[in-house]
Structures are given as structure tokens and as C-alpha cells.
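Any chance you could fold what I've pasted below:
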Amino acid sequence: MNYQSQAYQQRAQQVALNVCNSVIPMDKVPANLMEAYANLCQELIEDKDQKFAAVWDGLPASASALLPQADFHGFYIANAWLQLSRVAQDIAELADSDEAIDEKEYNNIFTRLSDASLKESAKKLKKARTDRALLNSIKSVIGGE
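From the prediction side, this is the model:
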């Protein structure tokens, strides 16, 4: 499947925004963080290393049938953004001290967080097969409710 189609990208981005808005009012996020969010979205949608594709293809059919692929992709992107936001806050606090983190280490943190977010998102979707409340919650945040 072409993960790059315009409709797919728009849907994944809208879902990610809906999920993020359920935790952080995104209209209140500073412009520089919105730029970082947009870059993260683009990078994770492009999926150049095929990590998302491998996880999606590896899901049991009963799990992947619960959500459209673009919705799951957006759900994963939002989870990655929320985790990265928490870590970025910690990094900012460290930067105020003498323990600044170099760019290489920051990139490694980003990679680990996005991988962990993908794994956690897949785990939640698999669990949602038997947990109707979890599935309803996931669908609710995806829908922006």
C-alpha cells in the first residue's frame, strides 16, 4: 500500500491531531513546537525504514480489522509525539543545568521513543480485540471526541 497518498497522509495527520488534542490543546502549543510536531508527523508517515509497515503487516487480522491503517498510523504518531513531548520537557530542564544532551544522543532518544510508541500502539490495538472499553476509548480519541 502507498503510505504516501495524500488522502492517507491527511487522515493520519488528522487522527494524530485529534489524539494529541485529547491530551494537549494543540492550538496552545508554541509555533516552534508545532513545527517539530509537523516534522515528526512527516517523518513517521514517510516510514522510510518501514518499521510501521512491518508492525502493521505483522498484526493479527483480528487486530488490523479494528481500525483503518491510516487511523492506526495517526494513533501511533500521536503516541510518539506525546512521549517525545514529555522527554523534551525533561531535556529542556537538563539543558538549563550543566547536563546538556548532545544532538546524537537526542536523536537516539527520538528513535527509541518512536520505536517504543509503535510497539505500545500495536500492543493496545491487539488488546482492544478483547477489551471493548479500550477499543471504544481508542476510537473516541481518534474521532476527536
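
From here on, just use CA atoms for contacts and neighbour counts.
Will do.

Give me the three-state assignment for Val23.
The assignment at Val23 comes out as coil when based on DSSP: H, G, I helix; E, B strand; the rest coil.

how near is it to Ser5?
To Ser5, Val23 is 28 Å away according to CA to CA, to the nearest Å.

What of Pro68?
Distance from Pro68 to Ser5, by CA to CA: 14 Å.

Those two: who's more crowded?
Neighbours around Pro68 and Ser5, counted as other CA atoms under 10 Å, are more numerous at Pro68. The numbers are 12 against 9.

where does Cys41 land in three-state SS?
Assignment for Cys41 (three-state DSSP): helix.

you'd agree it is up against Tyr76?
No. Counting by CA atoms under 8 Å, Cys41 does not reach Tyr76; the two are 10.0 Å apart.

More neighbours: which of these two?
Tyr76 (29 against 23).

residue contacts, that one?
16, 117-118, 121 (CA atoms under 8 Å, 6 or more residues apart in numbering).

in the protein, which spans are helices?
Here the chain has its helices, by DSSP state H, at 6-21, 31-46, 51-58, 61-64, 69-96, 103-127, 132-142.

would CSV of those with mean pLDDT be doable?
Output for the helices of the chain, formatted as CSV (pLDDT from 0 to 100):
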stretch, mean pLDDT
helix 6-21, 93
helix 31-46, 86
helix 51-58, 96
helix 61-64, 96
helix 69-96, 82
helix 103-127, 84
helix 132-142, 95
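
can I get the contacts of Tyr76 in JSON lines with distance to Ile45 and neighbour count?
Formatted as JSON lines, the contacts of Tyr76 follow (distance: CA to CA, whole Å; neighbours: other CA atoms under 10 Å):
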{"residue": "Ala16", "distance to Ile45": "11", "neighbour count": "29"}
{"residue": "Ser117", "distance to Ile45": "14", "neighbour count": "22"}
{"residue": "Leu118", "distance to Ile45": "12", "neighbour count": "23"}
{"residue": "Ser121", "distance to Ile45": "15", "neighbour count": "21"}
